[in-house]
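# Take a look and give me a structure for this.
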Amino acid sequence: MTEPDLARGVRALAFAARRLERATGDLTLAQFRVLALVSAGDERSSLVAERLAVARPTITAVVDGLVERGFVTREAVAGDRRSQRLVVTAAGRGALAQAEASMAAAIREVLDDTRDPDAVVRALLDLDDALSAFYARRLAARSRA
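Numbering: from 1, shown residues only. This is a model prediction of the structure:
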């Protein structure tokens, strides 16, 4: 892979992100990301902040908005009075599913113009696996420090 190819790929991801952002419906992209991570099992704000590489106050503000809309609740963690876990509500699961469907439709339109849409999706899934591994290593390194 050449540097110009990588730069072009980065630009493609940035423009695709903008297309997806416009398709999230009544969720912001930040709210979508948080809902997706919490629904996948990242239940603490600190873990969500780590995965998104943002400060905890940023996550708190997004979570506050999701709580106000009834998409997420905060629950006490047994045995730890200072910690709270985040739980996606039924309304939150519905909003997430609706946003994912809308975003998939928006990106499907673009995929129809690629040489091999299935290969692009496989590459995106590979990227998802790589990102998960990257953040798991990063979290493990921070917990050892």
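# so where's the chain shaky on pLDDT?
Along the chain, the model assigns pLDDT under 70 to residues 42, 145.
# what's the most centrally placed residue in it in contact with, if anything?
Among the residues of the chain, the smallest C-alpha distance to the mean C-alpha position (C-alpha atoms, centre = their mean) belongs to residue 33, namely 3.0 Å. When the contact criterion is C-beta atoms under 8 Å, 6 or more residues apart in numbering, the partners of residue 33 are residue 52. Glycine gets a C-beta too; all of them are placed from N, C-alpha and C.
# From here on, call the first residue 18.
That works, and once the first residue is 18, the last one we named lands at residue 50.
# sec struct for it, please.
Secondary structure for residue 50, judged by DSSP: H, G, I helix; E, B strand; the rest coil, is helix.
# same thing with residue 101?
The three-state label for residue 101, taken from three-state DSSP, comes out as strand.
# Would you enumerate the residues in contact with it?
Contacts of residue 101 were listed using C-beta under 8 Å, 6+ apart, and they are 61, 62, 91, 92, 93, 94.
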